[in-house]
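Enquirer: Sequence and predicted structure, then a few things I'm wondering about:
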4 protein chains.
Amino acid sequence: MSPAYVAVVGAGAADARTASVAEEVGRLLASRGAVVVCGGLGGVMEAICRGAKSAGGTTVGILPGLARDEANAWVDVAIPTGLGEARNALVVRAADVLIAIGGEYGTLSEIALALKTRKAVVGIETWELSRRGVPATDIVRAATPSEAVELALRLASTRR
Amino acid sequence: MSPAYVAVVGAGAADARTASVAEEVGRLLASRGAVVVCGGLGGVMEAICRGAKSAGGTTVGILPGLARDEANAWVDVAIPTGLGEARNALVVRAADVLIAIGGEYGTLSEIALALKTRKAVVGIETWELSRRGVPATDIVRAATPSEAVELALRLASTRR
Amino acid sequence: MSPAYVAVVGAGAADARTASVAEEVGRLLASRGAVVVCGGLGGVMEAICRGAKSAGGTTVGILPGLARDEANAWVDVAIPTGLGEARNALVVRAADVLIAIGGEYGTLSEIALALKTRKAVVGIETWELSRRGVPATDIVRAATPSEAVELALRLASTRR
Amino acid sequence: MSPAYVAVVGAGAADARTASVAEEVGRLLASRGAVVVCGGLGGVMEAICRGAKSAGGTTVGILPGLARDEANAWVDVAIPTGLGEARNALVVRAADVLIAIGGEYGTLSEIALALKTRKAVVGIETWELSRRGVPATDIVRAATPSEAVELALRLASTRR
């Protein structure tokens, strides 16, 4: 069977704690044989790739620009798209499941596109959503990297 | 000067009250000379176009599929894209400002993509967002169609 | 019935003779009630729009960049996509039939994408194609603007 | 230095001779350390991946649909895009240089998009192009797989 493709989405800048969480998520995903997909840039994207490579994993960066060298140093396969933020839809489509870590509006767009297309999203300290005061509960919350990875891989396997 | 392009985003199904709000937004936008951009399908998209046409406006539908006839009957210029939900990025890019009415996850992706690219979003009874318990306040809230249109056109004019 | 959407494709620069042909194609399309779709920039695209507007037609420009004001002055509905040359696929998808006038490699990509998806292409002094010395005859050749428009509208009506 | 990314483009069906040429191109690219990018489906795409894997290379398939399992069995990293033929622009953008083998109109669109953006194209028995009877000579012709690979890698290195 082909490996699970897990998109890890988060902001292009990350504080030390968020980066540490992301790196551990990357390491655990790689140790479980998942292919890590991300937007290929810095911050959470870089931390996740660094973690995945520390465990010998495969990392794919789907880049907004046209230049391959905008990818962070831990991206194995760098795909320049030239689509700008529209490439977020491709990050989502390339994955079986998403893990969102923190994140700004770009991350929110990826969460929304995933949920719109009924793809599971696991969240660590990411966006909270509600409508007319009623919380939306579609993001599956995880407290730790290991919980997030466990949940994501289980959700990926039921989907494929 | 060219007219303002206002994207009105909302779900593909709408209850009577939401449809009525959307129709009034469309009517007011058209009466003010704005071009109305939307996803071209039913629900809020259809109501907004119907309203805009009632005031002689111009409506543009950026469709997810490849068939022009999936557009609702009040779309003047129907653009089949074949991009699926990835066309949401194009709805945002085609507009100077967004008005979000209610909405599901597709709408949320459009709000997020707009805010990511520093495009103003006016919301009527739409998503509420927070992170780590802190509300995000980037969506400009409007209580009525006329307030939404007023705000959107003012924000569009400062941007252009 | 909805009008025919005809994409007119050609280079971003045009000599006087090519521009004159394009303008006449635009004028004739508009006089026949067709919506004219193009890439929205200068050269052939500008000439076609100028012609269409001279006959009171509707012109749609699907732009490569993010700025609406890169559209030529005769575009009614300007759609900035931010997709660069990838927007060529959208020009093709937005149309029922193509007319290619002269053209460089961007035009060739539009011809190819149209033929790939079995959309008819009428050509005036445009690319000639062959494989292993055998000419490909899928482009329907026209010698004059009126012949091109006649052929295109007939092909569009059989397709829709 | 990062490896060269070489897109090999060709039709989704291939006769035995064309498949044999493609397989040899894939084998040689992999033996030279290049990453092979393609559209991920059958025919020439499958042959190229099979060849690349026979030499331990890395293969990337940028798929038109939403399902990863439409990739051929020799694709290492499968990227479902859901963009249909619009994904051809992404195949071109993901590569430093193209090798076109035979091909139908999809291949022609990739050749055209590459040349439009000044990316080199090496062709083996692929499309011949002319305008007003004058051949266009931008496709660099190769007679054999080894000549094509040699030319492509040289052109990729001057470009990067």
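Expert: Done, it's in.

Enquirer: Which positions in chain A make contact with chain B?
Expert: Chain A comes close to chain B at residues A:83-86, A:88-90, A:93, A:102, A:104-106, A:108-109, A:111-113, A:115-117, A:125-133, A:138, as judged by Cβ under 8 Å from any Cβ of the partner chain. In this view, the C-beta of every residue, glycine as well, is placed from N, C-alpha and C.

Enquirer: Show the buried residues in those.
Expert: Buried members of those, scored by 16 or more other Cβ atoms under 10 Å in any protein chain shown, are A:83-86, A:88-90, A:93, A:102, A:104-106, A:108-109, A:111-113, A:115-117, A:125-129.

Enquirer: Now the phi/psi pair for the most far-flung residue of chain A relative to its centre, please.
Expert: For chain A, the C-alpha lying farthest from the average C-alpha position belongs to residue A:132; by Cα atoms, centre = their mean, that distance is 28.4 Å. Dihedral angles of residue A:132 (phi, psi; degrees, to the nearest 10) stand at phi 50, psi 40.

Enquirer: Look up the closest residue to it, ignoring the ones flanking it.
Expert: In this structure, residue A:132 finds its nearest non-sequential neighbour in residue B:125, 6.3 Å apart by Cβ to Cβ, 6 or more residues apart in numbering or on different chains.

Enquirer: give me every residue that touches the one you found.
Expert: A:131-132, B:18, B:21, B:101-102 (Cβ atoms under 8 Å, 6 or more residues apart in numbering or on different chains).

Enquirer: Tabulate the residues you listed (CSV), appending distance to residue B:143, secondary structure and pLDDT.
Expert: Output for the contacts of residue B:125, formatted as CSV (distance: Cβ to Cβ, whole Å; DSSP: H, G, I helix; E, B strand; the rest coil; pLDDT from 0 to 100):
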residue, distance to residue B:143, secondary structure, pLDDT
A:131, 16, strand, 92
A:132, 13, coil, 88
B:18, 14, helix, 96
B:21, 10, helix, 98
B:101, 12, strand, 98
B:102, 14, coil, 95
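
Enquirer: just curious, which of those is nearest to chain C?
Expert: For those, the residue nearest chain C by Cβ to the nearest Cβ is residue B:101; the value is 21.8 Å.

Enquirer: just checking, which of the buried ones among the residues of chain A next to chain B belong to helices?
Expert: By the criterion of DSSP state H, membership of these in helices covers A:88-90, A:93, A:105-106, A:108-109, A:111-113, A:115-116.

Enquirer: For these, work out which two are farthest apart.
Expert: A:93 and A:105 (19.3 Å; Cβ to Cβ).

Enquirer: And for residue A:127, nearest residue in space, chain neighbours not counted?
Expert: Residue A:127's closest residue in space is residue A:108 (Cβ to Cβ, 6+ apart), at 5.3 Å.

Enquirer: ok now do residue A:29, which residues does it touch?
Expert: Per Cβ under 8 Å, 6+ apart, neighbours of residue A:29: A:6, A:8, A:36, A:51-52, A:57, A:149, A:152-153.

Enquirer: Show the backbone phi and psi for it.
Expert: phi -60, psi -50.

Enquirer: if I look at residue A:116, how far off is residue D:66?
Expert: 13 Å (Cβ to Cβ, to the nearest Å).

Enquirer: got the residues of chain A near chain D?
Expert: A:2, A:5, A:35, A:58, A:60, A:62, A:66, A:68-69, A:77-82, A:89-90, A:93-94, A:96.

Enquirer: are any of these buried, and which?
Expert: Applying 16+ other Cβ under 10 Å to these flags A:5, A:35, A:58, A:60, A:62, A:68, A:77-82, A:89-90, A:93-94, A:96 as buried.

Enquirer: Could you list the contact residues of chain A toward chain C?
Expert: So chain A meets chain C at A:66, A:82-84, A:86 (Cβ under 8 Å from any Cβ).

Enquirer: Format those residues as TSV; extra columns: distance to residue A:145.
Expert: Formatted as TSV, the residues of chain A next to chain C follow (distance: Cβ to Cβ, whole Å):
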residue	distance to residue A:145
A:66	33
A:82	33
A:83	30
A:84	30
A:86	29
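
Enquirer: Which one of the residues you listed is nearest to chain D?
Expert: With Cβ to the nearest Cβ as the yardstick, the closest approach to chain D among the residues of chain A next to chain C comes from residue A:82, at 5.2 Å.

Enquirer: Contact partners for the residue lying closest to residue A:139 once chain neighbours are set aside?
Expert: Leaving aside its chain neighbours, residue A:139 sits nearest to residue A:123 (4.3 Å; criterion: Cβ to Cβ, 6+ apart). Residue A:123 is in contact with A:99-101, A:111, A:139-142, counting by Cβ under 8 Å, 6+ apart.

Enquirer: Strands - which of the residues you listed land there?
Expert: A:99-101, A:140-141 (DSSP state E).

Enquirer: Run through who's touching stretch A:104-119.
Expert: By Cβ under 8 Å, 6+ apart, the residues outside stretch A:104-119 that reach it are A:7, A:9-12, A:39, A:85, A:88-89, A:91-93, A:95-98, A:100, A:103, A:120-121, A:123, A:126-127, A:138-139, A:159, B:85, B:88, B:104-106, B:108-109, B:111-113, B:115-116, B:129, B:138.

Enquirer: ugh, typo on my part, it should be stretch A:138-157
Expert: Against stretch A:138-157 from outside (Cβ under 8 Å, 6+ apart): A:4-6, A:21, A:24-25, A:28-29, A:32, A:34, A:96-100, A:111, A:115, A:120-124, A:126-127, A:129, B:105.

Enquirer: Okay, residue A:136 and residue A:76: tell me how far apart.
Expert: Distance from residue A:136 to residue A:76, by Cβ to Cβ: 35 Å.

Enquirer: Which one's more surrounded, the two?
Expert: Each of residue A:136 and residue A:76 has its neighbours counted (other Cβ atoms under 10 Å in any protein chain shown); residue A:76 has more, 20 against 16.

Enquirer: ok, what's across the strand from the closest residue to the more buried one other than its chain neighbours?
Expert: The spatially closest residue to residue A:76, leaving aside those adjacent along the chain, is residue A:59, at 4.9 Å (Cβ to Cβ, 6+ apart). Applying DSSP bridges to residue A:59 gives these bridge partners: residue A:36.

Enquirer: circling back to that earlier point, tell me which entries of the contacts of residue A:29 lie within helices.
Expert: Per DSSP H, the subset of those in helices is A:51-52, A:149, A:152-153.

Enquirer: now the contacts of residue A:29 as JSON lines including pLDDT and neighbour count?
Expert: JSON lines is the format used below for the contacts of residue A:29 (pLDDT from 0 to 100; neighbours: other Cβ atoms under 10 Å in any protein chain shown):
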{"residue": "A:6", "pLDDT": "98", "neighbour count": "30"}
{"residue": "A:8", "pLDDT": "98", "neighbour count": "32"}
{"residue": "A:36", "pLDDT": "98", "neighbour count": "30"}
{"residue": "A:51", "pLDDT": "98", "neighbour count": "28"}
{"residue": "A:52", "pLDDT": "98", "neighbour count": "30"}
{"residue": "A:57", "pLDDT": "98", "neighbour count": "24"}
{"residue": "A:149", "pLDDT": "98", "neighbour count": "25"}
{"residue": "A:152", "pLDDT": "98", "neighbour count": "29"}
{"residue": "A:153", "pLDDT": "98", "neighbour count": "19"}
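
Enquirer: Let me know the closest of the contacts of residue A:123 to residue A:43.
Expert: residue A:101 (9.7 Å).

Enquirer: contacting residues for that closest one?
Expert: With the criterion set at Cβ under 8 Å, 6+ apart, residue A:101 makes contact with A:8-10, A:18, A:21-22, A:25, A:44, A:48, A:123-126.
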